[in-house]
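> after the sequence you'll find the predicted model.
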Amino acid sequence: MSWPSRPCRLFYTWCNSRQQVCQASRRVKLQRLTASRSLRNLQTRASSTMGDNPDFYSFTRARFVQNEKAEMSSRRVTFNVSELANVAASSVGASCVGIERLPDGMHNRALLLTMDNGKQVVAKLPCPNAGQSHFTTASEVATMEFMRTRLNTPVPEVYAWCSHAERTTVGAEYIIMEKAEGVLLETIWQKMELRQQGALVKAIVRLQAEWASSLFAGYGSIYYATDLEEERRLPLHASSSAQEIFALGPITGRDWNDNGRLDVAFDRGPWKTVEQYLEAVGLREAKCVKELSRLPPPQVTLSGPGLYESTREKKLRALCYYQQIFRHLLPHPGDSPIRRPVPWHGDLHVANMFVDPKDPTKILSIIDWQSTEVAPLFVQARQPYIIDFEGPQLPDLSTEHPSLPEDFDQLSPGEQAAAHNLRLRQALVMAYRQRTRVMAPDIWKAFEYQATPAAQLLQLARVLLVDGEGMYTARIAEHLRDPDGILKESGISMTEAEMAEAEADGEKAVLGIQWMTGISDTIGRELFPLGGCVKTERYDESKDALRQCKEQLLDLVKALPELLVDQHSRRLRLSLQASQTEPTEAISSLSSMSVPSKLLKKSAPQKRRYKHASGRIDFSGKPRN
């Protein structure tokens, strides 16, 4: 891929940074989940008396380094344990004799209930942060049944459910479902032969091909028709009869609810056309920018004077540009299959899949269908997370087999082993691509479109509430400078001064990305609070590391010659000194500190690890006592 100019390269830097943050956040999530699951066999069964247990209500999986009270509250679910046990028992015609808490999800509480006949069922209760009340649970239940009965996807059967907390003695929304068959893929994935892993990937391609070939009349989420008011639903299919039990209703996807969006009123669909869907994305972001009392902190860039500083005005300007250009960025009508609305499981990782222990290439169950949406294939298509890996990635759309490095024979035994492992991981990705290209050509076309600048401008507009408007606007300016570019017929224009400002903002945003990356690498993956949280047992270490980063950054400013201590660095010093040293404030300081450009260019932190809780972290890489 050739990058014709610096603004274009800056945009790709931001794109890659967002992808890395999402992937890193998911890796940490899986690591924490795996650690929690490893304790499952050590947990004691709850008393068979089924009395209410306060330990069932609170979130215990991690600690939050900022806004912890609010974060914990958004994940606290209170309910009547005895009544939940009764409902579960009644759904399978048995008596409940034991309840075991399963590892926390970030949006749900889950319990394993054992009956007197040995049967086990899972109870799932959404946390307040999961999404809109009623709609989140109602859509998840209907989606599970639709995927199981209409699209041949192995999904647990639902035995009982209620999407109205006020209508049940349980006192909360709930789903009672069968316990997934088989063994959790994460327990055996690393032990499987490459041949078996490849066969499992092929099975996933078959499922994704089935999803991509489904036909829907619009965009939104799946519900039972009886759970929607008439004005809030669309027929599932253009030819749906009056007897059709499913319908399309308001969308429940995560990016329609996270980062404060849940509390803002905007159009959540359903929509009949892809244009209406994409227009609603932009209107959603703009409404949230205008109405949220406080904008979410950026996840990719460090911001402040001397760096790119986000403002509501700049976000709204970027979203205004989006509304003017999105119709010109859509796939050509001749590529209608990739514009088609399809359902998709967007979280296919090893903790959401169960396989046959005797034949691990056979998928027996896929769980976690909450927040599934019916959206354009070019938005939905993604390789399964189980084949993601760290290290050098394959070129986009390449289907050539990976090879060992040319100097392989000169590498040490450890380096050769690492090279072999990397090639195996790359080979698995290549197998997925090759099979997708043959077995699911529409998905492959979606991947081809996703690699285009037009698709990136569409996709990344979805997160402008959180970050990226500086890079986004810089990219638009770059396209406008090209008379034959993708925006030549959009009618959008910028003055030379506006283009220069946009490009300068893009440069500053890159510096912010470099600093955020430096801080993350300095602290290390286990201690840097991706998503705002860390493992409970590493909380104190994370606090200490964040505090030391603040001290080091303040030291860097103090060490500058007086010539460089301008208004920006003074504001940095005042900002750091004024911030409290409590861990709940530390990350807020890091995400809002101000660093002058001259300091950034001379003193960008290197990739170091925080290793000694008793020592001092230093961007030079040397612990100080």
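Done, it's in. Numbers count the residues shown, from 1 in each chain.

> show me what counts as buried in stretch 309-322.
309, 310, 314, 315, 316, 317, 318, 319, 321, 322 (16 or more other Cβ atoms under 10 Å). Bear in mind the C-beta positions are built from the backbone N, C-alpha and C, glycine included.

> which ones are touching the last one?
Translated: residue 322. Neighbouring residues of residue 322 by Cβ atoms under 8 Å, 6 or more residues apart in numbering: 282, 457, 461, 464, 472.

> contacts only, for the fourth one.
By Cβ under 8 Å, 6+ apart, the residues touching residue 464 are 285, 289, 315, 318, 319, 322, 472.

> filter those residues down to just the ones in strands.
Using DSSP state E, no member of the contacts of residue 464 falls within strands.

> need the contacts of residue 322 in JSON lines (columns: pLDDT, secondary structure and distance to residue 153).
Converted to JSON lines, the contacts of residue 322 look like this (pLDDT from 0 to 100; DSSP: H, G, I helix; E, B strand; the rest coil; distance: Cβ to Cβ, whole Å):
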{"residue": "282", "pLDDT": "98", "secondary structure": "helix", "distance to residue 153": "32"}
{"residue": "457", "pLDDT": "96", "secondary structure": "helix", "distance to residue 153": "32"}
{"residue": "461", "pLDDT": "96", "secondary structure": "helix", "distance to residue 153": "30"}
{"residue": "464", "pLDDT": "97", "secondary structure": "coil", "distance to residue 153": "33"}
{"residue": "472", "pLDDT": "95", "secondary structure": "helix", "distance to residue 153": "35"}
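
> where in this protein is pLDDT low?
When residues are selected by pLDDT under 70, those of the chain lie in 1-52, 304-305, 553-554, 556-625.

> walk me through the domains of it.
Per automatic domain parsing, the structural domains of the chain span 1-42+182-492, 503-603.

> in CSV: those domains, plus distance to residue 172.
Putting those into CSV (distance: least, Cβ to Cβ, whole Å) gives the following:
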stretch, distance to residue 172
domain 1-42+182-492, 15
domain 503-603, 23
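
> among the ones you listed, single out whichever gets nearest to residue 74.
domain 1-42+182-492 (9.2 Å; Cβ to Cβ).

> that older thread, which ones among the contacts of residue 464 lie within helices?
Judged by DSSP state H, helices contain the following of the contacts of residue 464: 285, 289, 315, 318, 319, 322, 472.

> let's have the residues you listed in CSV, adding distance to residue 388.
Converted to CSV, the ones in helices among the contacts of residue 464 look like this (distance: Cβ to Cβ, whole Å):
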residue, distance to residue 388
285, 27
289, 31
315, 30
318, 29
319, 30
322, 28
472, 25
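
> right, and the pair among the residues you listed with maximum separation?
Pairwise over these, using Cβ to Cβ, the maximum falls at 289 and 472, 13.1 Å.

> neighbour-wise, which of those two wins?
residue 472 (29 against 22; other Cβ atoms under 10 Å).

> for residue 429, state which of the contacts of residue 464 is nearest.
Of the contacts of residue 464, the one sitting nearest to residue 429 (Cβ to Cβ) turns out to be residue 472, at 28.2 Å.
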